[in-house]
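Sequence first, predicted model second:
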Amino acid sequence: MEAVLKKVQELALLHDKLDPRLIKEKQIKLGLRNEDGTGVFVGITSKGQVIGYEKITHGDGKVEVKPVPGKLMYCGYDMADIVRQKQIEKRLGFEETVFLLLTGELPNRRDLKAFCQLLGKKRALPAEMKEMILARPKHDDMMGSLHTMVSGMHLFDKNANSTNLADVSRQCIDLIAKFPTIIAYNYLTTKMDRKDLKKLKDPNPDWSTAETFLTLLHGKTPDPDMIELFDTMLIFHAEHGGGNNSTFSTRCVSSSGANTYMAICAGIGSLSGHLHGGANEAVMRMMADIKKKVKDWENEDELTDYLTAILDKKVGDKSGKIYGIGHAVYTVSDPRAVFLEETAGDLAAKAGREAEFELFKRIARIAPKLVKEKKGKTVCINVDFYSGFVYECMGIPTELFTPIFAMARVAGWSAHRIEELVQGRIIRPSYVTSLKAKKNYIPLFNRG
C-alpha cells in the first residue's frame, strides 16, 4: 500500500511540474492572473466591485495605473456608506445588504421589514437536520460540518434540482437564513457532554442574523454594541467581487446547471482552503508568537527587528510572510481594516486587551514599510489582520472564524449564483498541453 502511494506521488511530481519557459512561451496566465498580479477579466457582474487603482489616460495615449485608497462597492453603493448610515440610524444593516446584493436595489422600509421577517421564519432547522448535526463524528471540523449540512439540505427540498429563478431565490434565502443556526449548532455539539436534541434551542424569529448567531453561541443575549459590530463584520465579508476564489467556484458550478446546494457547497469548499478563508487564523498564530518572543511590545525597534526576521524566514512559521499584510487589489488601504483600526478599540477595552490592540496597531504601521524596503512592494493591512482579534474579544473561538466568513459570504455567493443563471453560459476555459508529442501506447505485457 505505502509503495503504491509513494509511486503515485513521485510520478505526479515528475509529470505535473511546469517549465517556466513554457509558461512564458505560451503566455499562460496561471491562476487567471496577469503579470502585474491583477485578475484576468472572465465575466461581468453588477454585484461587487473592489477598487484599489484608477487608470489615468495621458495626452500621449499612455495609461497610468495609480494606486488609490481602497473602496468596496456593493451594487454601485460604497460599502462604507452602508455601514456609516446604519450607525447613524442606530440600526443593523446586514439584512439590508443581503437584499441589495440579491436584487440590485436598496429596500424601502416596508420591503426590509418583510425581508427580515422572512429570514426570521426560516432560521430554525427541521428536527431531522438537528439529528444529523448531533450524529456528526467528533473528528469533523467546522467547515466540513457546514459543507455536510448544506449538502444535506437538498433532502428537505422537493424541488432541489430546479434552476427556476423562483426556486433558486427561495433556496438562497433559506440558506442565508439558516447558516448562523447551522454554524452555531455545529460548534455547540462539539462541546456537549451528552448530545441532546433539546439543547439545540430554536432561534427567535425576531432576531437579526448577528443576534441569532451570538445568542445561540453564548446562550444569552449579547451586548448591543457587540451585536452592532458583529453585524458590521458580516457586511464587510458579504461580497468581494466575482473573482475571489469561493465566489468564482460558486459561479463555475452554477454555470453547469448544478443545483443551489451543490453550488453553495463549492463556495464552502473553496473558502475552507487556508489561502482563502483561514487568513485571520494565521494572523492570530503569528501574533501569539510575536507576543511570546518580543519582550517589550512598545519598543518599535524590537518589533521591527522581529518582523524583519519573519520576512527573512528566520522566525515564526518561516514562510517569510507577515500575515494580514497585502491584498490582491488594495495597496494603499483596505476600507474594512481602516474601520476596524478606528473602532475596535472600545471592544478591546471592554475585553481588557487594550495593550494587545495597541501592539496590532504598531505592527500595522511598521510592517508595510518593511515590506516596501525589503521587497519593493507597496502593501497595506487587510481586513484579516484585525478580524480575528475582534472575534476573540467577542468570545468567539478560532475554529469559527472561517465559518463566520461563510455566514456572511453566502449572501454574495447567492447573488452571484442568481446572476450566473440569468446570464446563462457554462464557464469553460482552456488549458495548453505541457506535452511535446503524442506517445505511442505500450501493451501491458511489454511494460515489465
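Yep, that arrived.

which ones are touching G267?
S246, T247, S249, T250, A406, R409, V410, W413 (C-beta atoms under 8 Å, 6 or more residues apart in numbering). In this view, the C-beta of every residue, glycine as well, is placed from N, C-alpha and C.

Would you quantify the distance from it to V150?
Distance of G267 to V150, computed by C-beta to C-beta, to the nearest Å: 9 Å.

Check F41 too.
In terms of C-beta to C-beta, F41 sits 30 Å off from V150.

ok, those two, which is more surrounded?
More neighbours surround V150 than the other of F41 and V150, with 22 against 9 (other C-beta atoms under 10 Å).

A309 and K318 touch, don't they?
No - using C-beta atoms under 8 Å, A309 makes no contact with K318, being 9.8 Å away.

Those two: which is more packed in?
Legend: neighbour count by other C-beta under 10 Å for A309 and K318, higher for A309 (14 against 11).

Look up the closest residue to that one, ignoring the ones flanking it.
Closest residue in space to A309, ignoring its immediate chain neighbours: V315 at 4.5 Å, by C-beta to C-beta, 6 or more residues apart in numbering.

counting residues per helix, which one in this structure is longest?
If you go by DSSP state H, the chain has its longest helix at helix 165-190.

Can you point out the buried residues in the following helix or strand past that one?
For helix 165-190, the succeeding helix or strand toward the C-terminus, using DSSP states H and E, is helix 209-218. Going by neighbour count (16 or more other C-beta atoms under 10 Å), the buried part of helix 209-218 is T209, A210, E211, T212, F213, L214, T215, L216, L217.

so helix 209-218 versus helix 165-190, what angle?
Relative orientation of helix 209-218 and helix 165-190, computed by axes from the mean of the first three to the mean of the last three C-alpha atoms, to 10 degrees: 30 degrees.

hey, C-alpha coordinates of helix 209-218 in CSV?
Provided in CSV are the C-alpha atoms of helix 209-218 (Å, rounded to 0.1, in the frame of the first residue of the first chain):
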residue,chain,number,x,y,z
THR,A,209,-28.5,37.4,11.7
ALA,A,210,-25.9,38.8,14.2
GLU,A,211,-28.2,38.4,17.2
THR,A,212,-29.2,34.8,16.2
PHE,A,213,-25.6,33.6,15.9
LEU,A,214,-24.2,35.3,19.0
THR,A,215,-27.2,34.3,21.2
LEU,A,216,-27.2,30.7,20.1
LEU,A,217,-23.4,30.5,20.6
HIS,A,218,-23.2,32.1,24.0
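
just checking, what packs against that helix?
helix 94-103, helix 165-190, helix 224-237, helix 401-423 (3 or more C-beta pairs under 8 Å, 6 or more residues apart in numbering; DSSP states H and E).

That helix versus helix 401-423: what angle between them?
Using the same axes, to 10 degrees: helix 209-218 against helix 401-423 is 140 degrees.

distance between helix 209-218 and the chain's centre?
Averaging C-alpha positions (C-alpha atoms, centre = their mean, to the nearest Å) puts helix 209-218 19 Å from its chain's average.

which residues are contacting that helix?
The set of residues external to helix 209-218 that reach it, using C-beta under 8 Å, 6+ apart, is 92, 94-95, 119, 123, 176, 180-181, 183-185, 187-188, 201, 203-204, 207, 221-222, 226-228, 230-231, 234, 394-396, 400, 404, 407.

I'm done for today, thanks for sticking with me.
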